[in-house]
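Trainee: could you work out the structure for the sequence below:
(2 chains)
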Amino acid sequence: MKFIDINKSYGDIKVLTDFNLELIDNKINCIIGPSGCGKTTILNIVAELTEYQGKVEREQKGISYIFQNNRLLPNLNVQDNLEYVLSTIEKDKNERMKKIDKILDIVELAQRRKAYPHELSGGMQQRVSMARAFIYPSQILLMDEPFKGLDIALKKKLIAAFLKLWQQDNKTVIFVTHDVDEALLLADKIVLLSPNAEILLNVDIDIERDKRSLSHAKISALRNRIYQNF
Amino acid sequence: MKLKNYLNLLYPLIALAVFFAVWLIAAEIIKIEVILPHPAQAFKQLLLLVKTMDFWTAIGHTLLRTFISFFISMSLALLLAALSSLFKPVYFLLSPLVIISRAVPTMSVILLSLIWFTSDITPMFIAFLIVFPMLYAGFYSAINNIDKDLIEMSKLYKVSKRIIVTKFYIPYIMPSFFDSVRSAISLNVKLIIAAEVLSQTRHSMGVMMQISKQYLDTASLIAWTIAAIVLSYLLEIAVAVLKKLCVRWK
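Mentor: The predicted structure is shown next:
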C-alpha cells in the first residue's frame, strides 16, 4: 500500500503535507507518534472516511476498522452487532451464524452473545469490535489505539486474541498507537511520525513475534532509537 | 422490593396526600359548595357519573377524537421529519409553517375553525395544529441526533440501506419517539377537551364540563376533571408500556 503526495487540512490547519509512505501488505504496520500528528487521519484516508488530496495506491479490497470508541450499535446485542456487518454480504443465515459462533469462541464472548453493549465492560466491547472487524471479509484492517485505557491483563488477553485472529487470514494491518512497547511487540514495520507528520523513523522488524521481548537486544536498541526521536 | 422502589411509590402518594389535604382545608374554610366542594363530594359525584351511560359515551367520543387527531399528527410529523432530514429543501419549506403554527394564538385558531368546520372536527383540528409541530420538532431532532460515528461505521462495512434503516435507524430513534409521544398525548387530551367546551361538541367530556358549569354543579365539574386526569394518565402509561415492549436495549 502506497501513500503518494497526500495533503490533508482541517480548515486552516494542515495535518499532512506531501505525505509519502509505503506499507507492507499482509503484515502489521504500526504508526506511532504524539497526539494530533495525523495518525487517525491516515487511517481515515485509507478508509475513505475523509476527503484528501493525493493518491492511495492499494491492490487489496475490503476494509475493517477497529475504532478507538468501538462504535457498536447500542440497540443490538453482541450477536446482532456482528450479524449487522455480515448480513449484506452473506445472505445465508446459517453461514452467518457459523461464522459468528466461531469468532465469539475465539474472543471468548460466546456466553455473552445476547448481551447489549451497555451490559459489557470496556474490554468486552473492544473484543466485540475486534470480532466485527475480523468477521467482515476484508483484506485491510485499520486499528486506532484499540488497546488504549485497558489494564495490563486485559491488554494481554486482547492482543493474544488479535494475533490469533490475524494469523488466520493475514490482513494488511495499519495500527495506530501512542504505546511504543505495544508497537515493538506487535509490528512488522514501525513508522514514527513527528508532531507535524514528518516520518522520523521507518523500520522493518524481522524478529519472530513469539521471540520478542523488551529485553531482546535488537528490540531494546530500537526502543532507544524511537525514544530518542519521540 | 428495594428501597428505591418504595420511595418511587411513596413520593407520589405523599404529593397526592398533600394536595387532598390542602383541598380539604380550603373547602372547610370556604364552606361554599358551589365554589369549592369537599373532595369526598367530588369523588361521590364521580362514582355516580361512572354509573351513567352519558359518562362513557362522552369519554368514548373524546378518546376517539384524541386518537384520530393524534394519529394524524404523529403520522404526518414522522413522515415530514424523515423527509426534512433526507431533503433539506423540505426542512426549509416547513420551517416557517411550523413557526407560524407554534406562534398562532390558540383562541384565534379555535374561533376560525368554528367558522370553517363542524363542532365534531374543530377539536381534532385544533389539537392537530398544536401537537403536530411539537411532534415534528421532537422527531426531527431524534432523527438528526443519530450518532454520526455509527453511520460512518455502517458505511465503512458497506451495510445495505435497508438494513441500516431497519436494524439501526428505526430502533435507534424509538426511545426519543416514545418520549415525544408520551409528552404529547396528554396535551392532546387537554386540547381536545378545551376545544370541545368552546365548540360545544356533542357527546364530549368538554360539553359535559360546560353543562356542569352552567348548572353551577362544581362537584360534577371536578369529577369530570378527575376523569380527564385519569384518562391522560392511563394514556401516558399505555405509551410507557409500549416503549418498554419495543425498546428492550435501554
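
Trainee: could you chop chain B up by domain?
Mentor: Dividing chain B into domains by automatic domain parsing, as the record does, gives the ranges B:1-31, B:35-246.

Trainee: looking at those domains, which is buried most?
Mentor: Neighbour counts averaged per stretch over the domains of chain B are highest for domain B:35-246, at a mean of 17; criterion: mean count of other Cβ atoms under 10 Å in any protein chain shown. Just so you know, the C-beta spots here come from the backbone N, C-alpha and C atoms, and that holds for glycine as well.

Trainee: any idea how far apart the tips of it sit?
Mentor: Domain B:35-246 has an end-to-end distance of 46 Å (Cα to Cα, to the nearest Å).

Trainee: ok, residue A:8 - how many residues close by?
Mentor: Each residue near residue A:8 was counted by other Cβ atoms under 10 Å in any protein chain shown, and the total is 21.

Trainee: and the spatially most central residue of chain A, how close does it get to chain B?
Mentor: Centrality entry for chain A: nearest residue to the mean C-alpha point is residue A:143, 1.7 Å, by Cα atoms, centre = their mean. If you measure residue A:143 against chain B using Cβ to the nearest Cβ, to the nearest Å, the figure is 13 Å.

Trainee: and that residue, helix, strand or coil?
Mentor: strand (DSSP: H, G, I helix; E, B strand; the rest coil).

Trainee: look up how far residue A:98 lies from it.
Mentor: With distances defined as Cβ to Cβ, to the nearest Å, the gap from residue A:143 to residue A:98 amounts to 25 Å.

Trainee: now do the strands in chain B.
Mentor: Defined through DSSP state E, the strands belonging to chain B form an empty list.

Trainee: scratch that, chain A
Mentor: Using DSSP E, the strands found in chain A span residues A:2-10, A:13-22, A:28-32, A:53-57, A:63-66, A:140-144, A:172-177, A:189-193, A:199-204.

Trainee: make JSON lines out of these and add distance to residue B:203 and mean pLDDT.
Mentor: Converted to JSON lines, the strands of chain A look like this (distance: least, Cβ to Cβ, whole Å; pLDDT from 0 to 100):
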{"stretch": "strand A:2-10", "distance to residue B:203": "64", "mean pLDDT": "93"}
{"stretch": "strand A:13-22", "distance to residue B:203": "68", "mean pLDDT": "92"}
{"stretch": "strand A:28-32", "distance to residue B:203": "74", "mean pLDDT": "95"}
{"stretch": "strand A:53-57", "distance to residue B:203": "71", "mean pLDDT": "93"}
{"stretch": "strand A:63-66", "distance to residue B:203": "61", "mean pLDDT": "94"}
{"stretch": "strand A:140-144", "distance to residue B:203": "64", "mean pLDDT": "95"}
{"stretch": "strand A:172-177", "distance to residue B:203": "69", "mean pLDDT": "94"}
{"stretch": "strand A:189-193", "distance to residue B:203": "76", "mean pLDDT": "94"}
{"stretch": "strand A:199-204", "distance to residue B:203": "81", "mean pLDDT": "91"}
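
Trainee: who in chain A is up against chain B?
Mentor: With the criterion set to Cβ under 8 Å from any Cβ of the partner chain, chain A comes near chain B through A:47, A:49, A:63-65, A:67, A:69, A:71, A:73-77, A:80, A:84-85, A:87-89, A:116, A:118, A:132, A:136.

Trainee: for residue A:121, what are phi and psi?
Mentor: The main-chain torsion angles of residue A:121 are listed as degrees, to the nearest 10 and equal phi -80, psi 170.

Trainee: what pLDDT is listed against residue B:1?
Mentor: The predicted structure scores residue B:1 at 57 on the pLDDT scale.

Trainee: cool, residue B:147 as well?
Mentor: What the model reports as pLDDT for residue B:147 is 93.

Trainee: for chain A, see how far away it is.
Mentor: 8 Å.

Trainee: skipping adjacent residues, who's closest to that residue in space?
Mentor: Across the structure, with Cβ to Cβ, 6 or more residues apart in numbering or on different chains as the measure, the residue nearest residue B:147 apart from its sequence neighbours is residue B:172 (7.7 Å).

Trainee: residue contacts, the closest residue to residue B:239 other than its chain neighbours?
Mentor: Ranked by Cβ to Cβ, 6+ apart and with sequence neighbours excluded, the top spatial neighbour of residue B:239 is residue B:182, at 4.4 Å. Residue B:182 sits next to B:236, B:239-240, B:243 when contact means Cβ atoms under 8 Å, 6 or more residues apart in numbering or on different chains.

Trainee: gap between residue B:182 and chain A?
Mentor: Separation of residue B:182 from chain A (Cβ to the nearest Cβ) stands at 19 Å.

Trainee: looking at the strands of chain A, which is closest to residue B:132?
Mentor: With distances scored as Cβ to Cβ, the stretch of the strands of chain A nearest to residue B:132 is strand A:2-10 (40.1 Å).

Trainee: report the buried residues of that closest one.
Mentor: Counting neighbours by 16 or more other Cβ atoms under 10 Å in any protein chain shown, one finds that the buried residues in strand A:2-10 are A:3, A:6, A:8.

Trainee: between those residues, which is nearest residue A:23?
Mentor: Looking across these and measuring by Cβ to Cβ, the closest to residue A:23 is residue A:3, at 8.0 Å.

Trainee: who's in contact with the closest residue to residue B:137 other than its chain neighbours?
Mentor: The spatially closest residue to residue B:137, leaving aside those adjacent along the chain, is residue B:98, at 7.0 Å (Cβ to Cβ, 6+ apart). When the contact criterion is Cβ under 8 Å, 6+ apart, the partners of residue B:98 are B:133, B:136-137.
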